[in-house]
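K.L.:
predicted model follows, preceded by the sequence.
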Amino acid sequence: MNMRIASIFAICLGATPLWAESHASGDAEAGEKVFRKCKSCHMISDDEGNDIQKGGRTGPNLYGIYDRVAGSVEDYRYGDSIVEAGEAGLAWNEENFTGYVADPKGFLASYLDQTRAKSKMSYRLKDEDDAKDVWAYLVSVGPEVEMDAEEEKATE
């Protein structure tokens, strides 16, 4: 009986991150270490106000960033360009996140097709693997993400 319970427990533990893996190709553990660079401006605090990562408040809270419309955290004053990008349909996924953190101003200029686009984020995380790892970390500590129909078919 104990072996059966241990097996079920092990299966549950192993299955937990599957939803995160389907939305992130990086290494969440490595991303937690890289996130230290981000903490000077960003925090991760869940919907109940519990700190996952204490950090600065210069940037928005990154909890639940997966599929969030850009520029949409309440009570945070975004720059005009990121709000405009969100209104134009920009939502955060791994590709958009890694592109943005590599060159925030350049990403917004390209996305909006406006050379005058600006970003309040001056830091650049140029290493693509680091950016993917941070994305994987953010997804792993965020709320559970529902798989969309295409992803469900791919895992069946």
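P.N.:
Everything's here; your move.
K.L.:
from here on, contacts and neighbour counts on C-alpha atoms
P.N.:
Will do.
K.L.:
look at the residue nearest to Lys54 when sequence neighbours are not counted and report its pLDDT.
P.N.:
Among residues not flanking Lys54 along the chain, Met43 sits closest, at 5.2 Å (C-alpha to C-alpha, 6 or more residues apart in numbering). Looking at Met43, its pLDDT is 96.
K.L.:
can you check Ala24 too?
P.N.:
Ala24 is assigned a predicted lDDT (pLDDT) of 77.
K.L.:
can you check the one 5 residues further on too?
P.N.:
In the prediction, the pLDDT value recorded for Glu29 is 94.
K.L.:
OK, contacts around the closest residue to it other than its chain neighbours?
P.N.:
Nearest residue to Glu29, sequence neighbours excluded (C-alpha to C-alpha, 6+ apart): Tyr137, at 6.7 Å. Contacts for Tyr137 (C-alpha atoms under 8 Å, 6 or more residues apart in numbering) come out as Asp27, Ala28, Glu29, Ala30, Gly31, Glu32.
K.L.:
excluding chain neighbours, what is closest to the fourth one?
P.N.:
Across the structure, with C-alpha to C-alpha, 6+ apart as the measure, the residue nearest Ala30 apart from its sequence neighbours is Asp133 (5.9 Å).
K.L.:
any idea how far the helix or strand containing that neighbour is from the middle of the chain?
P.N.:
For Asp133, the element it lies in under DSSP states H and E is helix 128-141. How far helix 128-141 lies from its chain's middle: 7 Å, per C-alpha atoms, centre = their mean, to the nearest Å.
K.L.:
mean confidence score for that helix?
P.N.:
Here helix 128-141 scores 96 as its mean pLDDT.
K.L.:
buried residues, that helix. List them.
P.N.:
129-141 (16 or more other C-alpha atoms under 10 Å).
K.L.:
would you turn the residues you listed into a markdown table with distance to Ser122?
P.N.:
As requested, these are arranged in a markdown table below (distance: C-alpha to C-alpha, whole Å):
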| residue | distance to Ser122 |
| --- | --- |
| Asp129 | 19 |
| Asp130 | 17 |
| Ala131 | 15 |
| Lys132 | 19 |
| Asp133 | 20 |
| Val134 | 17 |
| Trp135 | 18 |
| Ala136 | 22 |
| Tyr137 | 21 |
| Leu138 | 20 |
| Val139 | 23 |
| Ser140 | 25 |
| Val141 | 24 |
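K.L.:
for those residues, which one is nearest Leu62?
P.N.:
Nearest to Leu62, judged by C-alpha to C-alpha, of the buried residues of helix 128-141 is Leu138 at 7.1 Å.
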